[in-house]
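Engineer: Provided below are the primary sequence and the corresponding predicted coordinates.
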Amino acid sequence: MASEATPRVNARYLEQFANQTVRILGKVVSLRGETATIDAAGTINVYLNRDAHLNLNNAAEVVGKVQQDLSVRCYQAMDFGSNIGKDTSNLT
């Protein structure tokens, strides 16, 4: 089975990747139920799956599909904790 390429993007580039799978590295700024807001050079709304366990104010990487409204449907999420660096929003 061939693996799909997952470019790392931030909020500025989401529109270019609509309906595609991407990676986003940023800071979790809001958690509400199964929705998170990630700051990655702008805010991104992420619809989490049941396996995603993110913590507020931690750095996280999300792999998911960009929706038409530029939100992201999460396939996989990794919490990197709070000691990854001061500014994760401009790593792309």
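Structural biologist: Structure's in. What do you need?

Engineer: what distance separates the start and the end of stretch 57-70?
Structural biologist: Taking C-alpha to C-alpha, to the nearest Å as the measure, stretch 57-70 stretches 22 Å from start to finish.

Engineer: So for it, what gets flagged as buried?
Structural biologist: Across stretch 57-70, burial judged by 16 or more other C-beta atoms under 10 Å covers A59, A60, E61, V62, V63, G64, K65, V66. From N, CA and C alone the C-beta is placed, and that goes for glycine too.

Engineer: so who does the second one touch?
Structural biologist: Looking back up the chat, that one is A60. A60 makes contacts with L25, G26, K27, V28, A36, I38, L54, A77, M78, D79, F80, as judged by C-beta atoms under 8 Å, 6 or more residues apart in numbering.

Engineer: Then the fourth one would be within a helix, right?
Structural biologist: No. When classified by DSSP: H, G, I helix; E, B strand; the rest coil, V28 is found to be strand rather than part of a helix.

Engineer: For it, name its beta-bridge partners.
Structural biologist: I38 (DSSP bridges).

Engineer: That one: what's it in contact with?
Structural biologist: Counting by C-beta under 8 Å, 6+ apart, V28 makes contact with A36, T37, I38, L54, N55, L56, N57, N58, A59, A60, D79.

Engineer: The third one contacts K27, doesn't it?
Structural biologist: Yes. Checked against C-beta atoms under 8 Å, the pair I38 and K27 is within contact range at 6.8 Å.
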